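Participant: I would like to see how this sequence folds:
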Amino acid sequence: MKKSELKGKARIPSPFGTAIHKTEWTCAAKAAEWMNDIIKEKNLSLGKAEVETTQEGSRKRVDILLFERLASQNVLCVIETKQPYFDPLDEEELKEPARKKAVQRSAKYFATSNFQHLYWFDTERVNSLSPLEEQIQDKYFLSQIENLDLIEEPRYKNTIISGLERFLTDLYEVHSGKKAKPSKPLMSCLFTGFRIR
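Facilitator: Here you go, the predicted model:
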């Protein structure tokens, strides 16, 4: 299992402790809540973000589903999340499970996130085994969080919301045809960090 460089720095809660800790699922619910607020405030014609959903015939749950529009059952994007010490490009733990769930739900896109970064993938390009730099629509910085218990602290919450807003705006503009789907996303988003906006 591929981990990020933060592996040794992340605080892992004791399974025998009595303290309450936020999990990736708790934080996925927070992210979905913030996404729904952004969709409403920015008047983006997208459906709701929902968490922990399953599909008939499958026991695999999806962390976050984003629907094409209100009252639609058509899934636009599947989002899988993990703790910050996971690499969001981890094939086994994030990317491949997200791809499979996107295919099963006929979603055009999927994303993977460790609450530090979010990678937006084109499902068709991933299925056709295009080079990785062509599979990725874009990459978004969310935060420098290492401990999910702190996700509601303004220094993390505000940057996560800002990154989610950029992602949702781009997703809406590409989906609605207001912005062309990148034919070849910038390789800089993979190797040098982030595209400058």
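
Participant: what bridges to Tyr119?
Facilitator: Thr112, Lys139 (DSSP bridges).

Participant: Quick check: buried residues in the biggest helix by length in the chain?
Facilitator: Criterion DSSP state H: the longest helix present in the chain is helix 154-175. For helix 154-175, a neighbour-count test (16 or more other C-beta atoms under 10 Å) marks 156-157, 159-161, 163-172, 174-175 as buried. Bear in mind the C-beta positions are built from the backbone N, C-alpha and C, glycine included.

Participant: same question, stretch 83-102
Facilitator: Going by 16+ other C-beta under 10 Å, stretch 83-102 has these buried residues: 83-90, 93-95, 97-99, 101-102.

Participant: Now do Lys30 against Ser162, distance only.
Facilitator: 15 Å (C-beta to C-beta, to the nearest Å).

Participant: what ranges do the helices span in the chain?
Facilitator: Using DSSP H, helices in the chain cover 24-41, 96-104, 123-127, 132-135, 154-175, 188-191.

Participant: of all those helices, which lies closest to Glu68?
Facilitator: Between Glu68 and these, the tightest spacing by C-beta to C-beta is seen for helix 154-175, at 7.1 Å.

Participant: Show me the contact partners of that closest one.
Facilitator: 31, 34-35, 38-39, 42, 44-46, 66, 68, 76-77, 108-109, 111, 115, 118, 120, 137-138, 140-145, 150-151, 178-181, 197 (C-beta atoms under 8 Å, 6 or more residues apart in numbering).
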